[in-house]
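# prediction below, plus the sequence it came from.
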Amino acid sequence: MAEEQQEPARHGGAHAIAAARLHGVSTMFTLSGGHVFPLYDGAVKAAPPMRMVDVRHEQTAVFAAEAAARLTRAPGLAVVTAGPGVTNAVSAVTTAWFNGSPVVVLGGRAPDYRWGSGGLQELDHPPLLAPVTKRAWTEHQASGVAAAVDEAFRLATAPHPGPVFLDVSMEALFGDGGPVRPAAPPGGPARAAAAGPDPADVEAIAGLLARASRPVLVLGSDVWLSGADRAAREAARELRLPVVANGQGRGVLPAGDELLVTRARPVAFGEADLVLVVGTPLDFRLGYGEFGGRDGGAPAQVVHVADSAGHLATHRPLAASAAGDLPGFFTALAAAVPAALRRAGAAGAPPWADSWLPRLAAAARDAIAADQALLDSDADPVHPMRIYGELARLLDDDAVVIGDGGDFVSYAGKYLEPQRPGGWLDPGPYGCLGTGLGYAIAARIARPAAQVVLLLGDGAAGFSLMDVDTLVRHRLPVVMVCGNNGIWALEKYPMQALYGYDVLADLQPGCRYDEVVRALGGAGETVTRPDGIGPALRRAFDAGVPYLVNVLTDPAIAYPRSTTGV
């Protein structure tokens, strides 16, 4: 008997899935809820079916969608049910907002015909999401779902990218929207491109560079996210500019590149006379854009470049600025600076290439050399830097390293330098703990052949470790390393400095987070001595299952941070 052919779904959920697929979405991250069942039915019955990854907390679903967007540079999709499904996702949506990540969050919604009667999980979600999304609204008609989802993805990916929230009433999601038709031509709609920067702005910046003797180029996350990494690398090399990498700008220049002076950051930022910041805000991570002035020197001139005018700094004076397509900006700058140098009377190599760049490169090498003793430390209890000394020896060039934590992850950001762009993920300027498992889930899917390493502080582990169950169920092997000092170090030491004591800053000493992972179906072990770290990491990489190396570190060691973000 011939198998009966399945009737194509016609409900709003099927229309939503068809529209999402036309924007390049291949995976839905979700936690099951009755208000959004048609989206699952649409994914199952699509041709081919859309992959669905169900998690243990809605914030993990959105964190995973955000990481997928940041790693693939295509929009991410999260689906959450009504009421608490949406409110559980708010911190993750806010993280995407601060990171400029193109994520569409589709939410369920109580039925319109019962609205105001106290239905299950009845809540008007868009007003809650409006401050942290590019747009938040409701679709009420099944026939309008495809167009609404299409618009959501167009908004999310248009410069400056960011999250978009759309909830759909039950009538619209379950209702018959008619035959499912493509919402855009085959191959998907073209993403809205940023307009090119104003040539006059580029010329002004080139002129400032030509008159500078100690310039620094800062490359931020949007350089990677906008696809400007190659153009930025070529411009930096052509102009011989010293580079400090920030966020996902890390890896645009590989570790060891002669132009990469991130480890000489105090000298670079303290003595620069011109700092050109591209693709990242002038926030607390960059001292709010206050550069220069070291040893009584003059403040540096600051240039800010963003993909849209609305993301240029307004809290401090700028010597110049430009907004628009970042690949185009770097190409135009590389062409404009040589002519500006000639007009300024410079011949041959730019003036900073002979003294300033070599000085910063030497300072970076000295800083790296000075680290080695602690990276090889035999201290007992374990110094957290020893973990990174061991891990660095095992990482492949295409590894994806994820940080979720305070002091422990700050060490990672300082001592693990990616070899390739798109190989580093941290929570970004919002600083939300709990991103780790969602990011790891997405990284394993986006980079199936690469090493994926999640670095967890023991405080951060408490936010999302239950989603190891998701890794296990979906057969997603990830190496997790927990720096376990039994305290909230980022709070404990500042509180002691302020008040002479601390409170609410202690966790359970020696907590067996590896046993949590084992109970959820993964594997792991606890390490208490420095010579046990390397062998444990090798076992983790060879395991082929989610594996947590729980390293008990010295709680007396505090990361020597220079900014509090306040």
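Sure thing, it's come through. Numbering: from 1, shown residues only.
# after the helix or strand where residue 537 lies, which helix or strand is next?
When elements are assigned from DSSP states H and E, residue 537 belongs to helix 533-543. Moving toward the C-terminus from helix 533-543, the next helix or strand (DSSP H and E) is strand 547-552.
# what does the pLDDT read for residue 82?
What the model reports as pLDDT for residue 82 is 97.
# surely it touches residue 167?
Yes: between residue 82 and residue 167 there is a contact under C-beta atoms under 8 Å: 7.4 Å. From N, CA and C alone the C-beta is placed, and that goes for glycine too.
# intersection of neighbour lists for the two?
Counting by C-beta atoms under 8 Å, 6 or more residues apart in numbering, the residues touching both residue 82 and residue 167 are 107, 108, 109, 125.
# wasn't residue 15 part of a helix?
Yes: read with DSSP: H, G, I helix; E, B strand; the rest coil, residue 15 is one of the residues of a helix.
# just give me the neighbour total for it.
By the criterion of other C-beta atoms under 10 Å, residue 15 has 32 neighbours.
# what helices or strands is the helix holding residue 537 leaning on?
Identification of packing neighbours for helix 533-543 by 3 or more C-beta pairs under 8 Å, 6 or more residues apart in numbering; DSSP states H and E yields helix 384-392, strand 479-484, strand 523-527, strand 547-552.
# now for this structure, the helix or strand with the poorest mean pLDDT.
Lowest by mean pLDDT, DSSP states H and E among the helices and strands of the chain is helix 407-415, with a mean of 87.
# can you give me the angle the helix holding residue 537 makes with strand 547-552?
160 degrees (axes from the mean of the first three to the mean of the last three C-alpha atoms, to 10 degrees).
# dump helix 533-543 to PDB, restricted to CA.
What follows is helix 533-543 as a C-alpha-only set of coordinates in PDB (Å, rounded to 0.1, in the frame of the first residue of the first chain):
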ATOM      1  CA  ILE A 533      45.300  20.200  33.900                       C
ATOM      2  CA  GLY A 534      46.900  19.200  30.600                       C
ATOM      3  CA  PRO A 535      46.100  15.500  30.700                       C
ATOM      4  CA  ALA A 536      42.500  16.300  31.800                       C
ATOM      5  CA  LEU A 537      42.100  18.700  28.800                       C
ATOM      6  CA  ARG A 538      43.400  16.100  26.400                       C
ATOM      7  CA  ARG A 539      40.900  13.600  27.800                       C
ATOM      8  CA  ALA A 540      38.100  16.200  27.300                       C
ATOM      9  CA  PHE A 541      39.000  16.800  23.700                       C
ATOM     10  CA  ASP A 542      39.200  13.100  23.000                       C
ATOM     11  CA  ALA A 543      35.900  12.200  24.700                       C
END
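# list the buried residues in that helix.
Applying a neighbour-count criterion of 16 or more other C-beta atoms under 10 Å, the buried positions in helix 533-543 are 533, 534, 536, 537, 540.
# is it possible to export those to a markdown table including pLDDT and distance to residue 277?
Output for the buried residues of helix 533-543, formatted as a markdown table (pLDDT from 0 to 100; distance: C-beta to C-beta, whole Å):
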| residue | pLDDT | distance to residue 277 |
| --- | --- | --- |
| 533 | 98 | 37 |
| 534 | 98 | 38 |
| 536 | 98 | 40 |
| 537 | 98 | 36 |
| 540 | 98 | 37 |
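# not counting sequence-adjacent ones, nearest residue to residue 457?
Counting by C-beta to C-beta, 6 or more residues apart in numbering, residue 457 lies nearest to residue 405, which is 2.6 Å off, once chain neighbours are set aside.
# enumerate every residue touching that neighbour.
433, 436, 455, 456, 457, 458, 459, 460, 483.
# show me where the protein dips below the pLDDT cut-off.
Where the chain drops to pLDDT under 70, the residues are 1-7, 182-193, 561-566.
# in it, where's the longest helix?
Secondary structure assigned by DSSP state H gives helix 356-375 as the longest helix of the chain.
# off-centre distance for that helix?
Centroid separation for helix 356-375 versus its chain: 27 Å, with C-alpha atoms, centre = their mean, to the nearest Å.
# check which helices and strands that helix is in contact with.
By 3+ C-beta pairs under 8 Å, 6+ apart, helix 356-375 packs against helix 265-271, helix 384-392.
# next, the angle from that helix to helix 384-392.
On the basis of the same axes, to 10 degrees, helix 356-375 is oriented at 110 degrees to helix 384-392.
# name the residues that touch helix 356-375?
Residues from elsewhere that reach helix 356-375, judged by C-beta under 8 Å, 6+ apart: 213-216, 240-242, 258-264, 267-268, 383, 385-386, 388-389, 392, 415.
# just the terminal-to-terminal distance for stretch 524-543.
Distance between the two ends of stretch 524-543: 9 Å, counting by C-alpha to C-alpha, to the nearest Å.
# who's in contact with that stretch?
Applying C-beta under 8 Å, 6+ apart, the contact partners of stretch 524-543 are 377-383, 386-387, 390-391, 393-394, 451, 477, 479-481, 510, 512-515, 517-518, 523, 547-552.
# show me how far that stretch is from its chain's centre.
How far stretch 524-543 lies from its chain's middle: 27 Å, per C-alpha atoms, centre = their mean.
# and stretch 395-410, how far apart are its ends?
Chord length of stretch 395-410, first to last residue, is 18 Å (C-alpha to C-alpha).
# make a ChimeraX selection of the buried ones in the contacts of helix 356-375.
Only the buried entries of those go into this ChimeraX selection, using 16+ other C-beta under 10 Å:
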select :214,215,216,240,241,242,258,259,260,261,262,263,264,267,268,383,385,386,388,389,415
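# neighbouring strands for the helix or strand hosting residue 321, and are they parallel or not?
For residue 321, the host element (DSSP H and E) is strand 320-323. Strand 320-323 has the following sheet partners, assigned by DSSP bridges: strand 301-306 (parallel).
# distance of the closest residue to residue 40 other than its chain neighbours relative to residue 516?
Nearest in space to residue 40, with sequence neighbours left out and distances taken as C-beta to C-beta, 6+ apart, is residue 52 at 6.6 Å. Computed as C-beta to C-beta, to the nearest Å, the residue 52 to residue 516 distance reads 25 Å.
# do residue 336 as well
Distance of residue 336 to residue 516, computed by C-beta to C-beta: 56 Å.
# now swap in residue 345 and tell me
66 Å.
# higher neighbour count, those two?
With neighbours defined as other C-beta under 10 Å, residue 345 and residue 516 compare such that residue 516 has more, 19 against 7.
# residues contacting the more buried one?
The contact partners of residue 516, by C-beta under 8 Å, 6+ apart, come to 465, 468, 548.
# rewinding a little: what's the helix or strand for the residue nearest to residue 40?
Using DSSP H and E, residue 52 sits in strand 51-54.
# could you list every helix and strand in contact with that strand?
Using 3+ C-beta pairs under 8 Å, 6+ apart: strand 51-54 touches strand 27-30, helix 37-45, helix 436-446, helix 468-473.
# so which bits of it are buried?
Buried positions in strand 51-54, judged by neighbour count with 16+ other C-beta under 10 Å: 52, 53, 54.
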